[in-house]
Structures are given as structure tokens and as C-alpha cells.
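1. This is a predicted model, with the sequence first.
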Amino acid sequence: RKEVEQDPGPFNVPEGATVAFNCTYSNSASQSFFWYRQDCRKEPKLLMSVYSSGNEDGRFTAQLNRASQYISLLIRDSKLSDSATYLCVVNSRGGTSYGKLTFGQGTILTVHP
Amino acid sequence: DTAVSQTPKYLVTQMGNDKSIKCEQNLGHDTMYWYKQDSKKFLKIMFSYNNKELIINETVPNRFSPKSPDKAHLNLHINSLELGDSAVYFCASSFQMGQGEKLFFGSGTQLSVL
């Protein structure tokens, strides 16, 4: 089982749609969780951290379910500019995993007019 | 000003050659990393350095040798390049390690081994 798994998609949605991505992680000792965004042929950039209580940043909402070991990202009112690959990222601590960020394969989102 | 800069952006070379990729950050961060993104888009950590000290060394062939002359620089030297080394290599930095900190990435080096 991969350490961090995501549905690679692609998700093709019209502008204005609501879309959700899920991600599962295998290491129950994982401490920190993030969503990064990567545009085509560009470097990844932090979109948002994911907190236990869930958190929102504008049209983006992130949720964490520790019991089931999954993270979600909800995008409301999709814009054309949201088209990108969304990377689920987990930071594990302890032993040889200290400080190591593990990236999922990414979920491709395409928003069309 | 570019926060994390890596050079070159593109590198095309023959099998068996030796090449280097340079990385510099002007953010005052303590920790720097090298990541490899393969054709399937998986980003995998290769190395990380904290204040010039090697902290993480994943299962990477010893043909890959990182060097950190100071905490603002982390270079990657690759000996005897192989076809399978073709990928995009990203340098990154963070303020601290293991604190759930934000990673700042360079724009990547596309390495093509022919």
C-alpha cells in the first residue's frame, strides 16, 4: 500500500461546480497534513494546511479524519484558474520518517467554461 | 527576487556523463531538500540537509551526491548518468524540519538522459 494515495483523476468539471478530492494515508503516526497545488510544468506550492478541526480558506475547505486516515479537499464555485494538479502531502514523525514529507501522486482537475 | 533558485532549468546529456544541479535559497531557511518527480508525477524526497548536515538520505543510488557548502546552498552532483535518471528535480527549502512547515520549491530542473 502506498504511503499516500489519491485518485489521479482527471476530474473535469464546469465553472461554478463543487468538487471534492480525497486522500488516504497509511502511517497512523502522521502528524501534519497539507494540500499543495502544482500547475503544469511548474513547481508545487502550498495551498493550505489541514487541521484536525477542519479549516476553510475562501472557496477551499480541508478536512482531516484521523480515525479513517483520510484527508479531503473541497473546492466550491470552481474557477478556470483552479485547473491544476492537487497534491496530498503528509508529514510523518519519528524514526527514519522524521521531518519527511510524503507526496501523493496528485489529482488532476480541469475546470472548463 | 527568486526565493529558491536552481540551475540549469533544462539539462540534456548523454548516458555515462556527470552533471551537477545547483540550488540557492535567500529565505534564511535552515533546511533544504532535493526531490525527484518522475514521469508518473510522483514527487519523492531524495535528500534533506539541516544547517549543512545530512538528515534524510532516501534509497538513492550513490551516484547521487549532495553537497551543502553553507545552509543557503544545496547542490546535487550525479555521476554516470543513466536513462532512468531522466526526471524533473526540484530543490526546496523550509524554515525548520519536522514542524509541519511550508516547503518553498525551486522551479525545477528537467533532466533528459539520452
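-> Received the coordinates, thanks.
2. all contacts plus neighbour counts: C-alpha atoms, from now on.
-> Fine.
3. Could you tell me which residues of chain A lie near chain B?
-> Counting by C-alpha under 8 Å from any C-alpha of the partner chain, the residues of chain A close to chain B are A:31-33, A:42-46, A:91, A:93, A:96, A:98-106.
4. From the residues you listed, list the buried ones, please.
-> With neighbours counted by 16 or more other C-alpha atoms under 10 Å in any protein chain shown, the residues of chain A next to chain B contain buried members at A:31-33, A:43-46, A:91, A:93, A:98-106.
5. where do the strands sit along chain B?
-> Secondary structure of chain B by DSSP state E: the strands cover B:4-7, B:10-13, B:19-25, B:31-37, B:43-50, B:53-57, B:64-70, B:73-78, B:87-94, B:104-105, B:109-113.
6. Just the ones of the buried ones among the residues of chain A next to chain B in strands?
-> Members of these lying in strands (criterion: DSSP E): A:Q31, A:S32, A:F33, A:P44, A:K45, A:L46, A:N91, A:K100, A:L101, A:T102, A:F103.
7. from those residues, which is closest to A:G9?
-> A:F103 (15.9 Å; C-alpha to C-alpha).
8. wait, what's in contact with the closest one?
-> By C-alpha atoms under 8 Å, 6 or more residues apart in numbering or on different chains, the contact set of A:F103 is A:V4, A:L87, A:C88, A:V89, A:V90, B:F42, B:L43, B:K44.
9. is it in a bridge, and if so with what?
-> A:V89 (DSSP bridges).
10. ok now stretch B:35-48, how far from the chain's centre?
-> 9 Å (C-alpha atoms, centre = their mean, to the nearest Å).
11. Can you pick out the most distant pair from the contacts of A:F103?
-> Using C-alpha to C-alpha, the two most remote members of these are A:V90 and B:F42, lying 13.7 Å apart.
12. would you list the strands of chain B in TSV and tack on distance to A:I71, mean neighbour count and mean pLDDT?
-> Converted to TSV, those look like this (distance: least, C-alpha to C-alpha, whole Å; neighbours: other C-alpha atoms under 10 Å in any protein chain shown; pLDDT from 0 to 100):
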stretch	distance to A:I71	mean neighbour count	mean pLDDT
strand B:4-7	29	21	96
strand B:10-13	35	14	97
strand B:19-25	31	21	97
strand B:31-37	22	24	93
strand B:43-50	18	22	90
strand B:53-57	25	17	83
strand B:64-70	33	16	93
strand B:73-78	32	20	96
strand B:87-94	23	27	95
strand B:104-105	22	24	94
strand B:109-113	30	19	97
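13. ok, back up a step: which one's more surrounded, A:V90 and B:F42?
-> A:V90 (28 against 16; other C-alpha atoms under 10 Å in any protein chain shown).
14. And the more buried one, how close does it get to B:E24?
-> A:V90 sits at a distance of 25 Å from B:E24 (criterion: C-alpha to C-alpha, to the nearest Å).
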